[in-house]
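*Asks:* Sequence first, then the predicted structure:
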Amino acid sequence: MSKIALISGITGQDGSYLAELLLQKGYVVHGIVRRSSSFNRARIDHLTKDKNIYQHKLFLHYGDLTDSSNLNRILEKTNPDEIYNLAAQSHVQVSFEIPEYSAEVDAVGTIRFLDALRETGVKSKFYQASTSELYGKVQEIPQTETTPFYPRSPYAVAKLYSYWIVRNYREAYNIFASNGILFNHESERRGKSFVTRKISVNVAKIILGLTDILYLGNIDSKRDWGYAPEYVEGMWRILQAKEPNDFVLSTNETHTVREFIEESFKCFNEEIVWEGIGIHEKGILKSSGKVVVAINPMYFRPTEVDILIGDYSKAKKKLGWEPKTKFKELVKIMVQYDYNNIKKTL
């Protein structure tokens, strides 16, 4: 008999990759989607089309983490073996503008889910999408499962509540509930407002002559970047463990936004030369002398996270998980995808 999984945030980058993975493993997958005036299901359209082999194993339900009764009904209806709570207001910069909503979804939404499990009596394993943003103003390098947290945004503070309430309910009520502390993981399905996809899209447009300048904030921020499809496998492995636990998933490498820009242009044999200091710094194409990167102060966070680099040793030892896609390969995957996609429309 097939296992049943419930994914909140199924239409997002991670949700779509996870749905694919679980369907390939023979699961019946239920996904929670928010009702809106326009459809936002492009990432899972290929799984729901009439001729798709998974169309009778994937079911979507309207729902929202701000609605407790709705979560209860969905749990009773689906009776899942595994729950993956990926839904969130996940944009760090945006969380400064809508802090209360970010807390409502990212923090209180998690306890609504956990309480729904208790109230319905559904016996399900629970995965919580945690984040490297918890480390914020880092207290040690690299960051592990025991590194003290120091969140630096409303998003990270809300996720900190989720992290601890998962641990509390695990210990208080013996719920199989685990946190995956995932460092930055990107792909060609990443939202276009996130810095990596913003770079890959705009570099492609610059090369194709469709735009002139890419505007960014702090290009010296350092991040630990991996490839999203590999990270959703890590999520699945976390729920296959014998005991609930918390795991860092990362690459053990850190690279700056500046490096991401440089590698993106290198995909087209273009070299960037940097001139100026601070907000006056410019990125110039060596081949033409044209300014293609500029700094816009509006993209700086009120409180910055300067460096993130994880240590996935625990996940490797206990789960057999480790990343495969290296930084340069990740950049190439994203830039080539956007270049080819945009070129088709010309």
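*Replies:* That came through, no problem. The structure presented is a predicted model; accordingly, all values stated were derived computationally and were not measured. Residues are numbered from 1 along each chain as shown.

*Asks:* show me what contacts I284?
*Replies:* Residues counted as contacts of I284 (C-beta atoms under 8 Å, 6 or more residues apart in numbering) are 272-275, 290-292. Every residue, glycine included, has its C-beta placed from N, CA and C.

*Asks:* Next one: it from K198, what distance?
*Replies:* Per C-beta to C-beta, to the nearest Å, I284 is found 19 Å from K198.

*Asks:* so where is the protein shaky, pLDDT-wise?
*Replies:* Scanning the chain for pLDDT under 70 picks out 37-38, 50-51.

*Asks:* quick one: buried residues of the longest helix along it?
*Replies:* Ranked by residue count and defined by DSSP state H, the top helix of the chain is helix 154-173. Within helix 154-173, the residues scored as buried using 16 or more other C-beta atoms under 10 Å are 154-163, 165-167, 169-170.

*Asks:* State the pair within those that is farthest apart.
*Replies:* P154 and R170 (25.0 Å; C-beta to C-beta).

*Asks:* Need phi/psi at L6.
*Replies:* Backbone geometry at L6, expressed as degrees, to the nearest 10, gives phi -120, psi 130.

*Asks:* surely it meets L75?
*Replies:* Yes. Between L6 and L75 there is a contact at 7.4 Å, judged by C-beta atoms under 8 Å.

*Asks:* name the helices or strands packed onto the helix or strand containing D338?
*Replies:* Under the criterion of DSSP states H and E, D338 resides in helix 327-344. The contact analysis (3 or more C-beta pairs under 8 Å, 6 or more residues apart in numbering; DSSP states H and E) places helix 327-344 against helix 195-207, strand 226-227, helix 257-266.

*Asks:* Swap in 6 Å and give it another go.
*Replies:* helix 195-207, helix 257-266 (3 or more C-beta pairs under 6 Å, 6 or more residues apart in numbering; DSSP states H and E).

*Asks:* Run through who's touching the longest one.
*Replies:* Outside of helix 195-207, the residues within contact range by C-beta atoms under 6 Å, 6 or more residues apart in numbering are 186, 190, 192, 211, 214, 260-261, 264, 268, 292, 334-335, 338-339, 342.

*Asks:* repeat that with 8 Å
*Replies:* Residues contacting helix 195-207 (C-beta under 8 Å, 6+ apart): 184, 186, 188, 190-192, 211-214, 216, 225, 257, 260-261, 264-265, 267-268, 270, 292, 331, 334-335, 337-339, 342-343.

*Asks:* Tell me the helix or strand right after it.
*Replies:* strand 214-216.

*Asks:* try the shortest one
*Replies:* Moving toward the C-terminus from helix 257-266, the next helix or strand (DSSP H and E) is strand 272-275.

*Asks:* list the buried ones in that following strand?
*Replies:* Buried positions in strand 272-275, judged by neighbour count with 16+ other C-beta under 10 Å: I272.

*Asks:* Relative to the whole chain's centre, how far out is the next helix-or-strand element following it?
*Replies:* On the C-terminal side of strand 272-275, the closest following helix or strand by DSSP H and E is strand 282-285. On the basis of C-alpha atoms, centre = their mean, to the nearest Å, strand 282-285 is displaced by 29 Å from the centre of the chain it belongs to.

*Asks:* Listing partners with orientation, what would you give for strand 282-285?
*Replies:* strand 272-275 (antiparallel), strand 291-295 (antiparallel) (DSSP bridges).

*Asks:* how about it: buried residues?
*Replies:* For strand 282-285, the buried set under the neighbour-count rule, 16+ other C-beta under 10 Å, comprises 283-285.

*Asks:* Need the phi and psi values for I219.
*Replies:* phi -90, psi 0.

*Asks:* Check V33 too.
*Replies:* The phi and psi values for V33, taken as degrees, to the nearest 10, are phi -120, psi 140.

*Asks:* check contacts around it.
*Replies:* Taking C-beta under 8 Å, 6+ apart as the definition, contacts of V33 comprise 10-11, 41, 60-63.

*Asks:* Who does it form a beta bridge with?
*Replies:* Y62.

*Asks:* do you know how far it is from G310?
*Replies:* 30 Å.

*Asks:* picking up where we left off before, name the residues contacting each of L6 and L75.
*Replies:* Overlap of the contact sets of L6 and L75 (by C-beta under 8 Å, 6+ apart) consists of S124.

*Asks:* So which of the two has more stuff around it?
*Replies:* Between L6 and L75, counting by other C-beta atoms under 10 Å, L6 is the more crowded of the two (29 against 21).

*Asks:* Next up, phi/psi of the residue nearest to that one when sequence neighbours are not counted, please.
*Replies:* Leaving aside its sequence neighbours, L6 sits nearest to P80 (C-beta to C-beta, 6 or more residues apart in numbering; 4.0 Å). Per-residue torsions, P80: phi -80, psi 150 (degrees, to the nearest 10).
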